[in-house]
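Participant: Structure of the sequence below:
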Amino acid sequence: MQLSKQDVINLKDAINVAKVLNIDNIVINDGMVLAFNEAKSAAIVSPIALDVPEGVKMGLVRVKELESRISVFPADFVVDLTLTLNNDVKSIKMSTESMTVSYRCASIRDIQAPKGIHPDEYVSFSLSQEDVKMTAKGAKMMKADTVDFSIGKIY
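Facilitator: Numbers count the residues shown, from 1 in each chain. The predicted model follows:
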């Protein structure tokens, strides 16, 4: 299955946000990016527009490594996904006429990620100037119109 140019841009944006938040592993499932960092002090629970069939699941581990592999390519390259029988993405192959690079994905069952955020649990909080800059940079990378903060248990 081949990703469109816009799909690749959206995937790169999600990877860049994960890098900013120091997140190593990402789950993409049912049109959502789900991840949190090792300390569980930052999370991504965001929609992502990928033109893939419903039920395709992607477990991206070592996202910095995937980003470094993507960065070696010029603007125009092909991204192919290899699927298992369960619609898990087994590997990602990036290629041009002269170069091919592959990246092995993990099962989403092997990655600890939030299932969502419980909307009824809210608290008041303040952000440092550094946190505001990090949040603004992440929102810009994801091309978000709004940023909603929900504090509570990550499921």
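Participant: Name all residues that make contact with residue 55.
Facilitator: With contacts taken as Cβ atoms under 8 Å, 6 or more residues apart in numbering, residue 55 has the following neighbours: 30, 87. Where you see a C-beta, it was placed from the backbone N, CA and C, and this is true even at glycine.
Participant: same question, residue 6
Facilitator: Residues in contact with residue 6 (Cβ under 8 Å, 6+ apart) are 49, 51.
Participant: contacts for stretch 36-48?
Facilitator: Residues from elsewhere that reach stretch 36-48 (Cβ under 8 Å, 6+ apart): 10-11, 14, 17-18, 21-24, 26, 28, 31-35, 112-114, 116-117, 142, 144, 154.
Participant: what about that stretch, start to end distance?
Facilitator: Chord length of stretch 36-48, first to last residue, is 16 Å (Cα to Cα, to the nearest Å).
Participant: With stretch 56-68 instead?
Facilitator: Across its full length, stretch 56-68 reaches 24 Å between end residues, using Cα to Cα.
Participant: Just the buried positions in stretch 57-69, please.
Facilitator: When burial is assessed from 16 or more other Cβ atoms under 10 Å, stretch 57-69 yields the following buried residues: 57-61, 63, 66-67.
Participant: Just to check, residue 138 is in contact with residue 22?
Facilitator: No: Residue 138 lies out of contact with residue 22 (Cβ atoms under 8 Å); the separation is 11.4 Å.
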